[in-house]
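Enquirer: Here's my sequence, what's the structure:
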Amino acid sequence: MVAASLAEALAGQPLGKTRSALVLARKLPHRRAMTELLAIARSRAPRAERINALTIAGRLAAPADGRAFMRFLDSADVHVQAIASDGIERARYQPALPRLAAIVNQDGDAAIHAAFAMAALASPRGVSGLVGYMHSSDPRIREAACRAVWLLYEGNRIAPALEACTRDRDKRAAAMAKRTVRTIEKRRAIKY
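Expert: This next block holds a predicted model:
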């Protein structure tokens, strides 16, 4: 039975060990794979199996799947919130924006994932697309847009990568990174 096969592929696997189940899920019709994976994610299976199932579902997410991930945004487990944010990002599910904003506005590990999802939903241009959310009629979405920009630029992802690029062997790449750093530093010096 296929459902048992997906469940068996995930059974007993440590967190993050999803390769065999992902390969199997990709062989199934999309709807069937998503139904089975999300059922496992909602089940009483061990935490690692539930999170692994949700992770695979997130990797396979299509626009029609976005709503299914919203339920997981309400989890008390920030790991589950982060994975659900990633699934919503892949599905480009706009109705999730207020819930993503709520996660961005919290302090927690899921905030960076929700910020990336907001940026992806804003525009294919990514972070610059968040500017439109700064004009939202919802003050929590405006707050989240500002926090998302802060998280993405000041968080642990961009600053270290940008700093490393300033030492790039390619002179043009290094010069652009240095220019970007100088621009950010000038903007920080502005008193708001």
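Enquirer: Show the secondary-structure elements that the worst-scoring helix or strand of the chain on mean pLDDT is packed against.
Expert: Across the helices and strands of the chain, mean pLDDT, DSSP states H and E gives its lowest value to helix 158-165, namely a mean of 73. Counting contacts by 3 or more CB pairs under 8 Å, 6 or more residues apart in numbering; DSSP states H and E, helix 158-165 packs against helix 171-189. Heads up, the C-betas are built off the backbone N, CA and C, glycines and all.
Enquirer: Any chance you could list what contacts the helix it packs on?
Expert: Residues from elsewhere that reach helix 171-189 (CB atoms under 8 Å, 6 or more residues apart in numbering): Tyr153, Leu162, Glu163, Cys165, Thr166, Arg167, Asp168.
Enquirer: So for the third one, what's the nearest residue that isn't a sequence neighbour?
Expert: Going back to what we said before, that points to Glu163. Val181 (7.4 Å; CB to CB, 6 or more residues apart in numbering).
Enquirer: Please report how far that neighbour lies from Ala175.
Expert: From Val181 across to Ala175, the span is 11 Å (CB to CB, to the nearest Å).
Enquirer: what do you get for Ala161?
Expert: In terms of CB to CB, Ala161 sits 16 Å off from Ala175.
Enquirer: Show me which of the two is the more surrounded one.
Expert: Ala175 (13 against 10; other CB atoms under 10 Å).
Enquirer: For the residue positioned nearest the centre of the chain, give me its contacts.
Expert: By CA atoms, centre = their mean, the chain has its centre lying nearest to Asp86, at 3.1 Å. Neighbour list for Asp86: Gly58, His113, Phe116, Ala117 [criterion: CB under 8 Å, 6+ apart].
Enquirer: Past the helix or strand hosting the last one, which element shows up next along the chain?
Expert: Here Ala117, judged by DSSP states H and E, is contained in helix 110-122. Sequence order places helix 139-154 as the next helix or strand after helix 110-122, per DSSP H and E.
Enquirer: list the helices and strands that next one packs on?
Expert: Partner elements for helix 139-154 (3+ CB pairs under 8 Å, 6+ apart): helix 97-104, helix 110-122.
Enquirer: Which of the ones you listed sits closest to Arg140?
Expert: Counting by CB to CB, Arg140 lies closest to helix 97-104 out of those; the figure is 5.3 Å.
Enquirer: pLDDT on that closest one, on average?
Expert: For helix 97-104, the mean per-residue pLDDT is 93.
Enquirer: now do stretch 12-26
Expert: 92.
Enquirer: end-to-end on it?
Expert: 20 Å (CA to CA, to the nearest Å).
Enquirer: ok, and what's touching it?
Expert: 5-6, 9-10, 33, 36-37, 47-49, 51-53, 55-56, 59-60.
Enquirer: from the residues you listed, which ones fall inside helices?
Expert: Secondary structure from DSSP state H places 5-6, 9-10, 33, 36-37, 47-49, 51-53, 55-56, 59-60 of these in helices.
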